[in-house]
Every structure is written in C-alpha cells, then in structure tokens.
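# Kindly generate the corresponding structure for this input.
(chains A and B)
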Amino acid sequence: MKRLSFLLLVALVVPAWAQDWKVDYSRSEIRFVIKQMNVPVEGGFKRFHVQASFDAAKPEQGQFRVDVDMAGIDTGSEEGDGEVRRPAWLDTARHPKASFVSKSIRKDASGRYSVTGDMIVKGRVRALSAPMLLTPQRDGGWLATGRFALKRSDFDIGGGEWADPAVVANDIDGRFKILLLP
Amino acid sequence: MTGNELRERYGLPLISLHWLTLLLIIAAYVLGTLLEDMPLSPMKLKFYAWHKWLGLLVLFLLPMRLGLRLFEKLEHGAGLTLLEARISAIVHGLLYLLLFFVPLLGWLYSSAAGFPVVWFGVLPLPDLVGKDKLLAKIFEELHEGSVNLLVTLVVLHAAAAVYHHHVRRDGVLARMVPWLRKNQ
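Below you'll find the predicted structure:
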C-alpha cells in the first residue's frame, strides 16, 4: 500500500516528458554470433555509446541512438580481431563508428516493443527493425534487451575472397542488453 | 615359407581401419602443420575445419578398432625376446593412448578457444570446456606435444614393421598387408 501510494505520487509529480537515461556500461553489452564453416562464433563490442530518451510511461514516443566503436570489436579470436579491421571487412580506419538511429517504436498487445530505424555501417545505411523488451528495474531503471539481424553483404563487410557465405556466413545474429538508469 | 612365419592375419575390417587411421593422421598432421604459419584466409578456415573433422574421425573410429582388436588376439610374442615383446606392447599401448588423447586434446583446445566443432559442418559436437584463454594455451601445447610423440611412435612402429619384413622375414607386416601374403 505504501509502495502504491509512492508510485501514485511519482506519477502525479513527475511530468510526462521524455527523459534522458543514463547507461550502466559495465552491465550492458552488444554481442553477435556469426557462423564460420557453419560453426557459431561469438563476438562483441567493447566500447559503445547509447543515447536513450523516452518517457517511462510511453517509451514508444522515445528515441534511441547507439554508436559503436568498431575498432573495439571482439571477434572471438585475436587473429580475427586484426583481420576484420582491414578495408575488406569493417575498414575501421575510414569508418571508425557504426550507428543505429531509431525512427519509430511500436508496442504490441503483449507489451513488447519493436524499434525501427537506420543502421549505418561502413557508410552504408539500411533500415533495421529489432524486437525489444523493456524490463523495469528496482531502482527505477530499465533493462532493454533485444536481437537484430544483419547481412554482412548489405554493408560490404568481408567482400572479395571472403564473400563465400559457406566459409563466413552472411547472416549476423546480434543481441543487445542495455541497462538504463534514471 | 619359413618355419617361423606367422600364419595368422587380421580381419579385413581391422586392416581397413588401421590404414584409414594412418591416412587420417597424415592428412590431419599436414593440415595442422600448414595451419601454424598461415595468415588468416578462407582457405585457413577450411583447413582448420578439415583438420578437426579428420582428427575427430580418428577418435571416433578408435572404439571400433579397439573392439575388433580385442576379438582378434593374434600371437604377438612369437619369435620375440622378452624385452622385444615388452617394448612392442608398450609402443602399441602408447599408440592407442595417443590416438585417443591427441584428438581429444585438440577438441579441448578448440572448445577452450571458443570455437565449437560442427563435425563435417553438420553435426554440432558439445564443448568440452568453456572459453578460457589460459586453458586454450595449455591444451594447444599439450595437443602439439602429444602429436609429436604420436608421429615419432608411428615412425618407430613403421620401422619395426619394415625390419620384421625384410630382416626377420616373419610375416608380421603381412598380417596387416594382405597382398604381401599372396606374394609369398
């Protein structure tokens, strides 16, 4: 009862406008799985920056932007880390950042969100839609989790001798977990 | 035919498995050696895959080989001194042990390095250990060390077979090489 009245109080006092959320990077991650010779190999990104701006009562009116430092990629092996920075892959010298900018957020009947926006990798822009769950945290924060699917051919990642999807798959299975703090 | 020639020979399944294992070991060893100095390329990923697939085939054929071998107990000590018989038993025992441990250590190394094995690109095998850099380094060293021992023993084993055939002329090699028998 005490908690309910507190919530009511918060709802009455805090005006319903978009709020910029802080990010706990130590508990956030952007990872991916890509198959090499049909073997799923896990990787991730060590450094990224998230801007999340939404009203806790209406996240679907909010906005997300994620910028990833591509040189901080972890491909699962040192050999791979060196290789994918090269021009044929991510060309991190010329394209140090990859970004996702949300354009719209929809909420379905079961409370799940779908974030649609532009994915920009290696200077190429592709529309991307990703399912997202927003789980409220005890401290008033949110845990945003979801998955996204990319095709490396869409962004010219690993062309030339590496183009064969039987060796390195075209499909990249991405996952994100972002802990947002008030 | 000399009096001390062994008249027995192994059955065809065991003979086939023996020579198939040798071919697999040679192929896996050549691939593994090439891998060490190769820069990353699609070819290298294919070599890695085939190295693991062939090596694990050696491991998975081993129970069948051992099973057949236990049923086919030929006269092993014939014409050998006690010392020779002992050395022979030790080398054979070590060969079987290494046929088990070399591929197993490779599998452990692959698991610890964070690369699961999908056998022949079709059958996903379980990871034996979780991803762990230090463990990967240890298994890598053990895999390399054990394979060097295996190759040394294979050479010793082959040299002994040739010695039996050309010097002792006792039919030991012919037990494993069917056409040598027909010629005699």
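# Tell me which residue is most central in the chain.
Because you didn't say which chain, this covers chain A. For chain A, residue A:176 is the residue whose C-alpha lies nearest the centre (Cα atoms, centre = their mean; 4.9 Å).
# is it true that that one touches residue A:29?
Yes - using Cβ atoms under 8 Å, residue A:176 is in contact with residue A:29, at 7.1 Å. C-beta coordinates here come from the backbone N, C-alpha and C atoms, glycine included.
# what about the residue nearest the centre of chain B, which SS state?
Central residue of chain B (Cα atoms, centre = their mean): residue B:99, 4.5 Å from the mean position. With DSSP: H, G, I helix; E, B strand; the rest coil as the basis, the three-state label of residue B:99 is helix.
# Now it: closest residue in space that isn't a chain neighbour?
Using Cβ to Cβ, 6 or more residues apart in numbering or on different chains and skipping the chain neighbours, the partner closest in space to residue B:99 is residue B:62 (5.3 Å).
# who's in contact with the one you found?
B:96, B:99, B:100 (Cβ atoms under 8 Å, 6 or more residues apart in numbering or on different chains).
# Would you map the helices across chain A?
Assigned by DSSP state H, chain A shows helices spanning A:2-13, A:78-84.
# Check those for me: which has the lowest mean pLDDT.
With a mean of 52, helix A:2-13 has the lowest mean pLDDT of the helices of chain A.
# any idea of the mean pLDDT for stretch A:136-145?
On average, stretch A:136-145 scores 93.
# Identify each buried residue in that stretch, please.
A:141, A:142, A:143, A:144, A:145 (16 or more other Cβ atoms under 10 Å in any protein chain shown).
# Which ones among those map onto strands?
A:142, A:143, A:144, A:145 (DSSP state E).
# and the first one, bridged to which residues?
Note on residue A:142: beta-bridge partners residue A:136, residue A:180, judged by DSSP bridges.
# So it is in contact with residue A:50, correct?
No - contact criterion Cβ under 8 Å: residue A:142 and residue A:50 do not qualify, at 11.6 Å.
# follow-up on the earlier one: between the ones in strands among the buried residues of stretch A:136-145, which sits nearest residue A:166?
Closest approach to residue A:166 among these (Cβ to Cβ): residue A:145, at 31.3 Å.
# what about the closest one, distance to residue A:115?
According to Cβ to Cβ, to the nearest Å, residue A:145 stands 12 Å off from residue A:115.
# mind checking the end-to-end distance for stretch B:164-174?
End-to-end distance for stretch B:164-174, by Cα to Cα, to the nearest Å: 10 Å.
# buried ones in that stretch?
For stretch B:164-174, by 16+ other Cβ under 10 Å, it's B:164, B:165, B:168, B:170, B:171, B:172, B:173, B:174.
# For those, give me CSV that also has pLDDT, distance to chain A and secondary structure.
Listed next are these as CSV, based on pLDDT from 0 to 100; distance: Cβ to the nearest Cβ, whole Å; DSSP: H, G, I helix; E, B strand; the rest coil:
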residue, pLDDT, distance to chain A, secondary structure
B:164, 85, 42, helix
B:165, 82, 42, helix
B:168, 80, 47, helix
B:170, 79, 47, coil
B:171, 76, 45, coil
B:172, 79, 42, coil
B:173, 83, 39, helix
B:174, 81, 42, helix
